[in-house]
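Peer 1: coords please:
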Amino acid sequence: MTEPSSLTAVREDWSRALAVVAHPDDMEFGGAAAIARWTAQGKTVVYCMVTSGEAGIDGVAPDECREIRTAEQVESARIVGVDQVDFLGLPDGILEYGVTLRRAIAGVVRLHRPEIVITNNFRDTWDGQFLNQADHIAVGRATLDAVRDAGNRWIFNDQLRDGLEPWNGVRQVWAAGSPQSAHAVDITDTFGAGVESLVAHKAYIDGLGWENFDPAEFLEGVSRQAGSRLGVANATSFEVFGISGDD
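Peer 2: Residues are numbered from 1 along each chain as shown. Down below sits the predicted model:
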């Protein structure tokens with residue numbers, strides 16, 4: 001059996017990042033401890049939820065579910081040092097890759113002007129086994145294109161009003177948890193904050209019916225695998241995409 005390849009540390013010479021994911025809880029299932037590390041370093045991270053997760057709890061109607069999940073996400077973000085969470089309000093569960101999604105994400109990139117954009121795994125599977133979810137795939141793919149769109153004055157030109165300008169300062173896009181990850185970051189010291197941020201999604205996790213789900217145990221299993229490849233106790237892995245040529 002082939003041994004997993006080692007991982008290279010992601011760059012940390014940046015000050016502003018934007019995390020764009022499909023649903024409340026997407027960052028917390030693996031990436032939030034990395035966010036806690038960076039906010040502790042004094043970096044600014046903004047969260048953008050493309051949907052409000054309103055279709056995520058079978059026993060709760062969408063309008064009520066939306067309120068529950070947005071509140072849980074705001075609290076979860078606070079735990080890891082994120083003060084701003086944007087909700088784009090696109091429909092949960094039926095996102096489609098295309099111009100509408102690219103436009104929405106490009107507008108957020110132009111607004112927040114990040115150097116690094118973080119999204120979720122958008123490959124077809126997790127670890128080559130379990131199928132990924134359609135919203136994750138659509139958002140990740142659209143994020144890659146939207147980062148380029150955001151820097152082009154003549155794409156979605158109607159957004160350029162009230163002082164909003166093109167932004168071509170994104171240096172890399174990072175997809176957390178991708179099975180094609182070649183990079184990672186040490187989260188050993190902030191692992192506990194990552195667990196706490198996932199625990200904050202209590203109503204959502206309870207609604208899934210995962211009676212024996214242990215957030216710490218789940219995150220430990222994932223992060224130890226990445227950590228062993230980085231040479232640390234716990235890590236979050238990323239597939240890195242260069243944008244500006246400043247790799």
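
Peer 1: what about the residue nearest in space to the middle of the chain, which SS state?
Peer 2: By C-alpha atoms, centre = their mean, the mean C-alpha position of the chain lies nearest to residue 119, the distance being 3.9 Å. State at residue 119, reduced to three classes by DSSP: H, G, I helix; E, B strand; the rest coil: strand.

Peer 1: go on, residue 175?
Peer 2: strand.

Peer 1: okay but it is in contact with residue 121, surely?
Peer 2: Yes - with contact defined as C-beta atoms under 8 Å, residue 175 reaches residue 121; the gap is 5.5 Å. For the C-beta atoms, the positions are set from N, CA and C on the backbone; glycine is no exception.

Peer 1: So which bits of the strand of greatest length in the chain are buried?
Peer 2: Counting by DSSP state E, the longest strand found in the chain is strand 235-242. Within strand 235-242, the residues scored as buried using 16 or more other C-beta atoms under 10 Å are 235, 236, 237, 238, 239, 240, 241.

Peer 1: Going by distance to residue 214, which of these wins?
Peer 2: For residue 214, the nearest member of the buried residues of strand 235-242 is residue 236. The distance, counting by C-beta to C-beta, is 18.7 Å.

Peer 1: residue contacts, the nearest residue in space to that closest one that is not next to it in sequence?
Peer 2: Leaving out its chain neighbours, the residue that sits closest to residue 236 by C-beta to C-beta, 6 or more residues apart in numbering is residue 34, at 4.3 Å. Residue 34 makes contact with 176, 185, 187, 190, 194, 236 under the criterion C-beta atoms under 8 Å, 6 or more residues apart in numbering.

Peer 1: Next, count neighbours for the fifth one.
Peer 2: Right, the one you point to is residue 194. Counted with other C-beta atoms under 10 Å, residues neighbouring residue 194 total 29.

Peer 1: likewise the third one?
Peer 2: Under the neighbour criterion other C-beta under 10 Å, residue 187 is assigned a count of 28.

Peer 1: correct me, but residue 121 touches residue 174?
Peer 2: No - at 10.6 Å, residue 121 and residue 174 do not qualify as touching, with contact defined as C-beta under 8 Å.

Peer 1: intersection of neighbour lists for these two?
Peer 2: Joint contacts of residue 121 and residue 174 (C-beta under 8 Å, 6+ apart) are residue 239.

Peer 1: that older thread, helix/strand/coil for the residue nearest to residue 236?
Peer 2: Secondary structure of residue 34, reduced to three states by three-state DSSP: helix.

Peer 1: quick one: it and residue 81, what's the gap?
Peer 2: Taken as C-beta to C-beta, to the nearest Å, the spacing of residue 34 relative to residue 81 amounts to 11 Å.

Peer 1: again with residue 149
Peer 2: Look at residue 149 and residue 81: by C-beta to C-beta, they are 29 Å apart.

Peer 1: List the residue ranges of this structure that fall below the pLDDT cut-off.
Peer 2: Residues of the chain meeting the criterion pLDDT under 70: 1-3, 244-247.

Peer 1: Which stretches in it count as strands?
Peer 2: Taking DSSP E as the criterion, the chain carries its strands at 8-9, 16-21, 44-49, 85-87, 116-120, 125-126, 130-131, 172-176, 183-186, 235-242.

Peer 1: correct me, but the residue nearest to the centre of the chain touches residue 141?
Peer 2: No - contact status for residue 119 versus residue 141: not in contact, 9.2 Å apart, counting by C-beta under 8 Å.

Peer 1: So what sits opposite the residue nearest to the centre of the chain in the bridge?
Peer 2: Legend: beta-bridge partners of residue 119 under DSSP bridges are residue 175.
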